[in-house]
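J.: Quick check, what structure comes out for this input:
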Amino acid sequence: MSKNIICYDHIPVQQSTFKAGLAAHVHRWFRLTPSFGPDLVREMIEKLDCQKNEVILDPFSGAGTTLIEATLEGYDCYGFEINPFLQWVGKASSNWRLDINQLDKERTDIVLQFNEQIKHISFETLEENNLFVPPIHNPLRWWRKDVITELLILKRAIMECCSSEENRDFYLLCLAGVLVPDLTNVTLGKLQLHFIDRDDHDINVLPTFLKHLDSMMDDLSTISSLGLKSESKMFHTNSVTLEGVYNTKPVSCVITSPPYPNRYSYVWNTRPHLYFLDFFTTPKEASALDKETIGGTWGTATSMLGKGTIEPAHECLTGDAWKVIEDIRTDDNLMANYVMKYFNLLAEQIKVMDTLPQRDLRCAYVVGNSRIKGRYIETDVILGNIFEGLGYKLNSINRFRKRNSGKDLFESIVYAEKQ
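T.: Alright, predicted model coming up:
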């Protein structure tokens, strides 16, 4: 690979990260901090020269930024997501065919039921009222007693007052949108949730929920007036294996961002949602999911990565990537295995896309370079080598933003096309 293929084209943080979505229609419904923004999606759509008759795919869909923005821009789009909660978020966030008058009626019913039940239900009487604390480890570390009581009462009101599953999902999405950090004992760090003491904080569940609901209803009204014809579908699947993916139209453009190789787990960031909204019912399910993800290191994944030596699974990973991993191994076998697993799975994900119907496939992958055990992991360059090794033409590596987590670390867009 020629180093001339790397360019530096700064894109401001307010346009390139999740911050761009905080005030944007639909994107503001649910905040996922480790995600790119809608402005960056539009940038990649333009760079890939996506045509309106072409289909866009995001194999690491997260909360659905690509799916939402591409659909708003008039493109059909597919999303793949291994996290069941995030897959549900993407699906619910892209369903704009709801009856606003019916939603208004249900809002009134939800408020009435909540206000009636809050009068006589306390934390101590939850179970006798058939309300149960989520089976997350140490739930009272996550929520105050009064807050979890109000949250459970509100969740039940939503479940009982909505006339359809689609309306119920809309209201539950609203609740998920304010659950973290507004109503949970955490603050959002650069990459992870951090526990904080909120005993003296003024936390008001229903007003917080209703304020967010107002913004969602406003967005729904705006989108309903646009007459959009584009369609989207979110699959719950592992993007490395694609179980359960069926009947897809030919894909032409891939716009995505896999997890970064800096020992980060988005499973952790969504743990309260996964348990509060009943996607998980046993404590071990979170670590089991992390074990399957690209970039997963938490729980069971950590113990597995500490054993043996993970070898490169593809010839394109035996060059510079292998050398830096072997250098890491002299200090830490677990982290060397982690990085090797990361790139093995990334290569496998690109390879498995060959099984999908496709037409003139062009790709834009947003990745982050990292330092692990003091070694510089040029994720963008290694990904470029993977693309070339799997039969793609590497067009450019656009380093558009310095990361906050270290000197000379960049976020990049790697552009490639199938030959």
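
J.: ranges for the helices of the stretch 101-250 of the chain?
T.: Taking DSSP state H, counting those that start in this stretch as the test, the helices found in the stretch 101-250 of the chain are 139-142, 145-161, 165-179, 205-224.

J.: how about CSV for these, with distance to Trp29 and mean neighbour count added?
T.: From N, CA and C alone the C-beta is placed, and that goes for glycine too. Below are the helices of the stretch 101-250 of the chain laid out as CSV (distance: least, CB to CB, whole Å; neighbours: other CB atoms under 10 Å):
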stretch, distance to Trp29, mean neighbour count
helix 139-142, 22, 15
helix 145-161, 15, 20
helix 165-179, 5, 20
helix 205-224, 6, 16
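
J.: right, and these - which one's nearest Arg107?
T.: helix 205-224 (6.7 Å; CB to CB).

J.: If you compare the directions of the closest one and helix 145-161, what angle comes out?
T.: Computed by axes from the mean of the first three to the mean of the last three CA atoms, to 10 degrees, the angle separating helix 205-224 from helix 145-161 equals 40 degrees.

J.: Report the distance from helix 205-224 to the chain centre.
T.: The chain centroid and the centroid of helix 205-224 are separated by 21 Å, computed with CA atoms, centre = their mean, to the nearest Å.

J.: Show me the one of the helices of the stretch 101-250 of the chain that comes nearest Leu131.
T.: Comparing these by CB to CB, helix 145-161 comes nearest, at 4.4 Å.

J.: relative orientation of the closest one and helix 165-179 in degrees?
T.: 160 degrees.

J.: where does the stretch 201-350 of the chain dip in pLDDT?
T.: 262-266, 296-303 (pLDDT under 70).

J.: The same query, at a cut-off of 80, please.
T.: Within the stretch 201-350 of the chain, the stretches with pLDDT under 80 are 261-268, 283, 287, 291, 295-306, 320-321.

J.: Pipe the helices of the stretch 101-250 of the chain into CSV and attach distance to Glu116 per row.
T.: CSV is the format used below for these (distance: least, CB to CB, whole Å):
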stretch, distance to Glu116
helix 139-142, 25
helix 145-161, 9
helix 165-179, 17
helix 205-224, 12
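
J.: what's the closest of these to Leu345?
T.: Of those, the one closest to Leu345 (CB to CB) turns out to be helix 165-179, at 27.6 Å.

J.: Nearest to Phe279, out of the helices of the stretch 101-250 of the chain?
T.: Judged by CB to CB, the one of the helices of the stretch 101-250 of the chain that comes nearest to Phe279 is helix 165-179, at 10.5 Å.

J.: So for that closest one, mean pLDDT?
T.: Average pLDDT, helix 165-179: 98.

J.: switch to numbering from 112
T.: Got it, first residue is 112 now, which makes that one helix 276-290.

J.: how many other residues sit next to Leu416?
T.: 21 (other CB atoms under 10 Å).

J.: What of Glu403?
T.: Counted with other CB under 10 Å, the neighbours of Glu403 add up to 16.

J.: Ala424 too?
T.: 15.

J.: and what of Met451?
T.: Neighbour tally, Met451, other CB under 10 Å: 23.

J.: so what secondary structure elements neighbour the helix or strand harbouring it?
T.: Using DSSP states H and E, Met451 sits in helix 444-463. Applying 3 or more CB pairs under 8 Å, 6 or more residues apart in numbering; DSSP states H and E, one finds that helix 444-463 makes contact with helix 411-416, helix 431-440, strand 481-483, helix 490-500.

J.: So which of these is nearest Tyr449?
T.: helix 411-416 (5.1 Å).

J.: one step back: nearest to Leu304, out of the helices and strands packed on helix 444-463?
T.: With respect to Leu304, and counting by CB to CB, the nearest of the helices and strands packed on helix 444-463 is helix 411-416 at 18.0 Å.
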